[in-house]
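Participant: fold the following for me, if possible:
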Amino acid sequence: MQAILLVLLLAWTAAPPAAAARQDQNPDEYVAQMKKGDAALRSRKYEDALKAYKKASSLHNKTSAEAYAGMARVYDAMGAYKSAADSWADALENTSGDPLREAVYRNQRGASLFAQSQNGNDKRLKEAEAEFRAALALDETLAIARFNLGVALLRQARDEEGLPELKAFLAAAPRAPHAAEAERMIENPRRARERYAPDFAIVTLDQQRLALEDLKGKVVLLDFWASWCGPCKLATPGLTRLYKKYGDRPFALVAISLDREESPWRQYIDENRMTWPQYWDRGGRIAQLFGVRPIPTYIVLDHEGIVRTTKEGWGPGTDGALDGEIGKWLKRIPPTSSAPQRD
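Facilitator: Residues are numbered from 1 along each chain as shown. The predicted model follows:
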């Protein structure tokens, strides 16, 4: 997972409703294809959605801003951010006389550009900043564009410029979905430059509440697995060794199961004496927070809660790789940390 997926930056303001078709070869069919694309996108049937939006675009002589915007939203959902940025540009080329719609599209294109950036010096980050500024020039009330601008500036280590933008966002939209994230970045601007783990709280198998804040000061290995997953089972002995090896260090191993049923999960844990914290992620809430899809997936957090490593799948070298990552980040815990230290 790329660090930018921290919040998808966060830009998904819903696109404006489709305007009435004007240049269509077949107005009724154009509207039908747009609705078909919208329904497929909501159902995450991305290829079907693309086909529908492309057909709608052809019916509209490839001049429909709404059809291009539909394609862009699909590409964003797929993580194809380069294609998304290109489609948002096409949508903008076909948007005229509607500054509010243009503002939304520029904000969305900025988010797609931001998602491609690799670091604070990436030219695409500068392009994203320009799009966010253009969106606000068209509609200064578009709060999400101000949030995105603030984050883009912080990402470039321009905190003196970014922090006022985030504060202005909070003043304008104190109950917006990203308000809490804005507050956290104002408190710690590094959150815009590092991939901090999302806040979470779980109740483990032994009925103890465990939250991200409880793990502060420790290196954490999150193991996303399931008892029906063959590679996950092969990984169990290695995880047991890691748990024992680092048991007296500031280290925590937390297993998050994506089992479909509770009984096999409990049985596997008992049979394999997995005594570290176990959580049944019924519904996949925690997996979704971390953007986990295939299993097993292993995520290493440092003592500050920053995601340092993500590994998907298991192979003969996985145990050693995880061991090396854990050891590396344990060495970087400063001596002044409140976490217990070994001599």
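Participant: can you list the buried residues in the strand or helix carrying M71?
Facilitator: For M71, the host element (DSSP states H and E) is helix 65-78. By 16 or more other C-beta atoms under 10 Å, the buried positions in helix 65-78 come out as 65-76. Glycine gets a C-beta too; all of them are placed from N, C-alpha and C.
Participant: could I get the contacting residues of the closest residue to L215 other than its chain neighbours?
Facilitator: Excluding its sequence neighbours, the residue lying closest to L215 (C-beta to C-beta, 6 or more residues apart in numbering) is A252, at 5.5 Å. With contacts defined as C-beta atoms under 8 Å, 6 or more residues apart in numbering, A252 is in contact with 215, 218-221, 276-277.
Participant: looking at the buried residues of helix 65-78, which is nearest G247?
Facilitator: The closest of the buried residues of helix 65-78 to G247 turns out to be D76 (C-beta to C-beta; 43.0 Å).
Participant: if I look at the closest residue in space to V219 that isn't next to it in sequence, how far off is Q118?
Facilitator: What sits nearest to V219 in space, not counting adjacent residues and going by C-beta to C-beta, 6+ apart, is W329, at 4.6 Å. Here the criterion is C-beta to C-beta, to the nearest Å. By it, W329 lies 22 Å from Q118.
Participant: higher neighbour count, those two?
Facilitator: Higher neighbour count among W329 and Q118: W329, with 23 against 11, using other C-beta atoms under 10 Å.
Participant: what's the spacing between the more buried one and E161?
Facilitator: Computed as C-beta to C-beta, the W329 to E161 distance reads 32 Å.
Participant: per-residue pLDDT, S96?
Facilitator: For S96, the pLDDT comes out at 83.
Participant: returning to what we had before: contact partners for the residue nearest to V219?
Facilitator: 219, 300, 302-303, 308.
Participant: go again using 7 Å as the cut-off
Facilitator: Residues near W329 by C-beta atoms under 7 Å, 6 or more residues apart in numbering: 219, 300, 302, 308.
Participant: how about the third one: what's its closest non-neighbour residue?
Facilitator: Same thing as D302. Per C-beta to C-beta, 6+ apart, closest to D302 is W329, 4.6 Å.
Participant: quick one: what helix or strand has that neighbour in it?
Facilitator: Per DSSP H and E: helix 318-331 holds W329.
Participant: now do that helix: distance to the chain's middle.
Facilitator: 24 Å (C-alpha atoms, centre = their mean, to the nearest Å).
Participant: okay, it in PDB with CA atoms only?
Facilitator: The C-alpha trace of helix 318-331 is given here as PDB (Å, rounded to 0.1, in the frame of the first residue of the first chain):
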ATOM      1  CA  THR A 318       8.800 -14.200   5.000                       C
ATOM      2  CA  ASP A 319       9.800 -15.200   8.600                       C
ATOM      3  CA  GLY A 320      13.300 -13.900   8.200                       C
ATOM      4  CA  ALA A 321      12.100 -10.700   6.500                       C
ATOM      5  CA  LEU A 322       9.700  -9.900   9.300                       C
ATOM      6  CA  ASP A 323      12.300 -10.800  11.900                       C
ATOM      7  CA  GLY A 324      14.700  -8.300  10.300                       C
ATOM      8  CA  GLU A 325      12.100  -5.500  10.200                       C
ATOM      9  CA  ILE A 326      11.100  -6.000  13.800                       C
ATOM     10  CA  GLY A 327      14.700  -6.000  14.900                       C
ATOM     11  CA  LYS A 328      15.500  -2.900  12.900                       C
ATOM     12  CA  TRP A 329      12.600  -0.800  14.300                       C
ATOM     13  CA  LEU A 330      13.300  -2.000  17.900                       C
ATOM     14  CA  LYS A 331      16.800  -0.600  17.600                       C
END
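Participant: buried residues in it?
Facilitator: Result for helix 318-331 [16+ other C-beta under 10 Å]: buried residues 318-319, 322-323, 325-326, 329-330.
Participant: pLDDT wise, what is R22 at?
Facilitator: R22 is given a pLDDT of 49.
Participant: I meant to write Q108 there.
Facilitator: Q108 is given a pLDDT of 97.
Participant: the nearest residue to it once chain neighbours are set aside: what's it in contact with?
Facilitator: Spatial nearest neighbour of Q108, chain neighbours left out: W88 (5.4 Å); criterion: C-beta to C-beta, 6+ apart. Residues in contact with W88 (C-beta under 7 Å, 6+ apart) are 72, 105, 108-109, 112.
Participant: cool, P264 as well?
Facilitator: Taking C-beta under 7 Å, 6+ apart, one finds 227-228 in contact with P264.
Participant: which helix or strand contains it?
Facilitator: helix 262-271.
Participant: now that helix: buried residues?
Facilitator: Buried residues in helix 262-271 (16+ other C-beta under 10 Å): 265-266, 268-269.
Participant: which two among those residues are spaced furthest apart?
Facilitator: Top of the distance list for the buried residues of helix 262-271 (C-beta to C-beta): R266 and Y268, 7.5 Å.
Participant: three-state assignment of the residue nearest to L215?
Facilitator: Put simply, A252 is strand when judged by DSSP: H, G, I helix; E, B strand; the rest coil.
Participant: partners of it in the sheet?
Facilitator: V220 (DSSP bridges).
Participant: which parts of the protein are strands?
Facilitator: 201-203, 209-211, 219-225, 251-257, 278-280, 297-301, 307-312 (DSSP state E).
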